[in-house]
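Enquirer: here is my input; please provide its structure:
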Amino acid sequence: MSKSRLLYGICLFFAPVVGFVACEEEEDVGPGLEIAQISRLYVSFEEYGTTDERPDTTIRVIQPADSSVFAFRESHLSQVQGGGAIYFNPYVKTIFQASANDGGQDTVIAAVSVQRTGLLNNAGNGIRSRYYNQVRGFVYHAATRSLLAVNGAGEGAGVYVIDNPTNTGIQKQPYKKLVNPDLNMWGAAYQNDRLFTAKLSAPAGIYMFQNLTTMPVNASDSVATLQPARTFQIEDATTDLRGLSYDTIKNVLAIAEMGDGTLGNGRILIFENFSNIVNGSSDVIKPTRVITGPRTGLVAPVDVAMDTRAGGVYLYVADRAAKKISRFKSTDNGDVEPEDVLDTSELGYGVTPVGLALDARDDSTLGR
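Expert: Modelled structure (predicted):
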């Protein structure tokens with residue numbers, strides 16, 4: 001057995017749950033068994049048209065995302081009719097993108113394969129079911145080869161567990177439907193069989209769910225009632241919370257808050273030592289740091305992505321109102337200028353960024 005195959009096998013054994021970063025097959029391992037340095041930021045865009053007005057893209061790629069040149073390198077048109085939440089998992093080498101679902105008719109989850117060079121290819125017709133009507137976040141569970149889709153609101157609010165999501169087809173029903181119409185959620189972050197989502201209803205905060213892939217369901221319809229294991233209220237947060245990102249190496253969670261849509265009112269809430277917070281006794285939590293103010297340029301941030309590598313130093317923000325992608329230092333606090341900004345308002349088609357997914361890998365991400 002080659003060393004790279006042995007390393008891959010060990011990695012699979014010790015990393016059954018993959019929420020952000022995962023082991024790679026040996027083709028991704030370079031000389032000396034080192035993973036190539038990868039830093040790709042996938043941006044989901046909301047617009048969609050038909051015939052001659054159809055946009056040329058629903059996904060754009062900033063690559064390398066951590067270089068001195070902060071620019072789009074590639075654009076792609078996925079299977080959705082306008083983009084929503086977006087998620088990448090290196091274990092399955094696939095981008096999953098929710099539909100903006102403007103009008104309620106497009107209930108597809110795009111599945112886009114990512115080649116070793118970064119080239120994007122649509123995988124079949126995507127993952128289609130009437131249940132995926134307000135998908136606002138994803139995570140991947142490697143042990144069961146399942147995609148968990150957070151459906152954010154309405155009668156079908158809950159988490160849908162999809163088997164083998166890279167095997168797409170005309171219809172692909174979830175094999176578990178964990179539902180609760182009283183929930184109003186956005187985003188998804190995962191660690192150790194715990195799923196975190198933003199809680200949009202008052203008082204705003206964070207839901208924590210546990211052991212979703214092993215939760216029993218009714219044999220007749222595969223349905224179970226979803227209840228949070230804990231609910232955390234964020235001090236002084238509004239109900240305009242949106243996407244969140246969890247750096248499990250540095251133990252830091254960041255969450256976007258849109259605010260009232262005026263310059264400098266949007267916020268990025270940052271919680272250091274996040275595992276200590278959720279293991280503590282208090283259900284009211286307070287951010288350690290907050291990025292906000294006129295110099296930040298934030299108007300209505302809807303998603304955030306953190307570089308989870310041990311040496312990662314950046315935090316990326318998608319702002320749908322300002323139509324910008326901003327790159328901050330992950331240690332920033334208060335009213336600070338972003339290090340770099342990409343204005344998307346003049347791209348032609350696909351100008352409104354609504355979701356981020358970061359593929360950031362090196363040796364430090366092995367075994368996670």
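
Enquirer: residue nearest the centroid of the chain?
Expert: Y87 (4.4 Å; CA atoms, centre = their mean).

Enquirer: do you know how far that one is from R145?
Expert: 15 Å (CB to CB, to the nearest Å). Yep, even glycine has a C-beta here, placed from its N, CA and C like the rest.

Enquirer: okay, Y48: pLDDT?
Expert: We have a pLDDT of 84 for Y48.

Enquirer: about what we covered before: my read: the residue nearest to the centre of the chain touches V135, true?
Expert: No: taking contacts as CB atoms under 8 Å, Y87 lies outside contact range of V135: 9.9 Å.

Enquirer: list the buried residues in stretch 348-367.
Expert: 349-362, 364-366 (16 or more other CB atoms under 10 Å).

Enquirer: next one: stretch 125-144
Expert: 126-129, 131-142, 144.

Enquirer: so what's the nearest residue to I59 once chain neighbours are set aside up against?
Expert: Of all residues not flanking I59 in the chain, H76 sits nearest, at 4.5 Å (CB to CB, 6 or more residues apart in numbering). The contact partners of H76, taken as CB atoms under 8 Å, 6 or more residues apart in numbering, are 57-61, 112, 120.

Enquirer: quick one: which of those has the most company?
Expert: Counting neighbours by other CB atoms under 10 Å, the top entry in these is T58, with 29 neighbours.

Enquirer: quick check: chain neighbours aside, which residue is closest to it?
Expert: G83 (4.2 Å).

Enquirer: go on, V108?
Expert: G126 (4.4 Å).

Enquirer: doesn't I109 make contact with that neighbour?
Expert: Yes: contact criterion CB under 8 Å: G126 and I109 qualify, at 5.9 Å.

Enquirer: overlap in contacts of the two?
Expert: Common neighbours of G126 and I109 are listed as V80 (criterion: CB under 8 Å, 6+ apart).

Enquirer: look at E24 and report its pLDDT.
Expert: So E24 comes in at 37 (pLDDT).

Enquirer: repeat for A310
Expert: If you check A310, the pLDDT there is 88.

Enquirer: next, count neighbours for it.
Expert: 12.

Enquirer: now T94
Expert: Residues lying near T94 (other CB under 10 Å) number 20.

Enquirer: where does N276 fall, secondary structure wise?
Expert: helix 274-279 (DSSP states H and E).

Enquirer: cool, and N218?
Expert: Going by DSSP H and E, N218 is not part of any helix or strand.

Enquirer: separation between it and A229?
Expert: From N218 across to A229, the span is 21 Å (CB to CB).

Enquirer: same check, this time on R130
Expert: Look at R130 and A229: by CB to CB, they are 28 Å apart.

Enquirer: now swap in E337 and tell me
Expert: 39 Å.

Enquirer: go on, G124?
Expert: 35 Å.

Enquirer: which one's more surrounded, these two?
Expert: When G124 and A229 are compared for neighbours, G124 comes out ahead with 15 against 12, by other CB under 10 Å.

Enquirer: leaving out the residues flanking it, which one is nearest to that one?
Expert: T168 (3.7 Å).

Enquirer: got a list of what that neighbour touches?
Expert: Neighbouring residues of T168 by CB under 8 Å, 6+ apart: 111, 123-127.

Enquirer: from the residues you listed, which ones fall inside helices?
Expert: Within the contacts of T168, no residue falls in helices by DSSP state H.

Enquirer: what's the residue nearest to V108 in contact with, if anything?
Expert: Neighbour list for G126: 78-80, 108-111, 168 [criterion: CB under 8 Å, 6+ apart].

Enquirer: among the buried residues of stretch 125-144, which ones are in strands?
Expert: 127-128, 135-141 (DSSP state E).

Enquirer: between those, which sits nearest A322?
Expert: Nearest to A322 out of those is R136 (CB to CB; 20.5 Å).

Enquirer: could you report the pLDDT at the residue nearest to G124?
Expert: At T168, the model reports a pLDDT of 72.

Enquirer: how close does it get to A237?
Expert: Where A237 is concerned, T168 sits at a distance of 37 Å (CB to CB).

Enquirer: over to Y160?
Expert: Distance from Y160 to A237, by CB to CB: 27 Å.

Enquirer: which one of the two has more residues nearby?
Expert: With neighbours defined as other CB under 10 Å, Y160 and A237 compare such that Y160 has more, 25 against 22.

Enquirer: I figured the more buried one was touching Q134, is that so?
Expert: No: in this structure Y160 lies outside contact range of Q134 using CB under 8 Å: 11.0 Å.

Enquirer: ok, N184 - contacts?
Expert: Here N184 is in contact with 152-153, 157, 199-201 (CB under 8 Å, 6+ apart).

Enquirer: tell me the predicted confidence for it.
Expert: Per the predicted model, pLDDT is 97 at N184.

Enquirer: cool, and E27?
Expert: As predicted, E27 sits at a pLDDT of 41.

Enquirer: where do the strands sit along the stretch 51-200 of the chain?
Expert: Per DSSP state E, counting those that start in this stretch, the stretch 51-200 of the chain carries strands over the ranges 59-62, 72-76, 83-89, 94-99, 108-114, 120-122, 127-128, 135-141, 146-151, 158-163, 176-179, 185-191, 194-199.

Enquirer: got those strands as a markdown table, with distance to K329 columns?
Expert: Shown next, in a markdown table, are those (distance: least, CB to CB, whole Å):
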| stretch | distance to K329 |
| --- | --- |
| strand 59-62 | 17 |
| strand 72-76 | 21 |
| strand 83-89 | 22 |
| strand 94-99 | 26 |
| strand 108-114 | 27 |
| strand 120-122 | 29 |
| strand 127-128 | 36 |
| strand 135-141 | 25 |
| strand 146-151 | 29 |
| strand 158-163 | 33 |
| strand 176-179 | 37 |
| strand 185-191 | 20 |
| strand 194-199 | 23 |
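
Enquirer: nothing else from me, thank you.
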